[in-house]
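Novice: Sequence and predicted structure are below.
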Amino acid sequence: MVSTVVNNPHTVNPDRRFFEEDGVLTFTNAAEQAAWTLAEALSEKAFAAMKQAEEAAEAFQSGKAAMRRQFKSRGMSLVDADIRWSGTSQARKAISDNEWYMAQAAMYNEAAAVQYAKALYLKKT
């Protein structure tokens, strides 16, 4: 039996039977361990993509707030500031980046879920 310690803080354990009482993750065969390892790697990629999506959303919000402050100091309406901001290339890039990275995160999460399911299947067989 192959054993390895799980050090990933992002690990979502779909089935507690993977863990023994001492916190060591055990596998019954190499295919099961490979599926679990791949699932962990895909999960980490999903977290990285989600972080980039959050950064893009923050860039959009900070740019919008800056435009609103600028318009307010000139005595112009906040609606005009929002319209102007949404038409800038910076806003379009932030929204595009957010959409792209959210799609990447969803894709990697789905792929990780498939690998976790595969590891569970191999554990039961």
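Specialist: Everything's here; your move.
Novice: for the longest helix anywhere in the chain, packing partners?
Specialist: Ranked by residue count and defined by DSSP state H, the top helix of the chain is helix 30-73. Judged by 3 or more C-beta pairs under 8 Å, 6 or more residues apart in numbering; DSSP states H and E, helix 30-73 is in contact with strand 2-5, strand 24-27, helix 78-86, helix 89-124. Heads up, the C-betas are built off the backbone N, CA and C, glycines and all.
Novice: what's the angle between that helix and helix 89-124?
Specialist: Calculated by axes from the mean of the first three to the mean of the last three C-alpha atoms, to 10 degrees, helix 30-73 forms an angle of 160 degrees with helix 89-124.
Novice: between helix 30-73 and helix 78-86, how many degrees?
Specialist: Calculated by the same axes, to 10 degrees, helix 30-73 forms an angle of 130 degrees with helix 78-86.
Novice: starting at the chain centroid, how far to helix 30-73?
Specialist: Its chain's C-alpha centre and that of helix 30-73 lie 6 Å apart, by C-alpha atoms, centre = their mean, to the nearest Å.
Novice: now do stretch 28-36
Specialist: On the basis of C-alpha atoms, centre = their mean, stretch 28-36 sits 24 Å off its chain's mean C-alpha point.
Novice: buried sites along that stretch?
Specialist: Using 16 or more other C-beta atoms under 10 Å as the test for burial, stretch 28-36 gives 32-33, 35-36.
Novice: Farthest-apart pair in those residues, please.
Specialist: Within these, 33 and 35 form the most distant pair, 7.4 Å apart (C-beta to C-beta).
Novice: Find residues that contact each of those two.
Specialist: residue 119 (C-beta atoms under 8 Å, 6 or more residues apart in numbering).
Novice: for the residue of the chain most remote from its centre, helix, strand, or coil?
Specialist: Note on the chain: the largest C-alpha distance from the chain mean falls to residue 75, namely 40.2 Å (C-alpha atoms, centre = their mean). Following DSSP: H, G, I helix; E, B strand; the rest coil, residue 75 is assigned to coil.
Novice: Okay then, goodbye and thanks.
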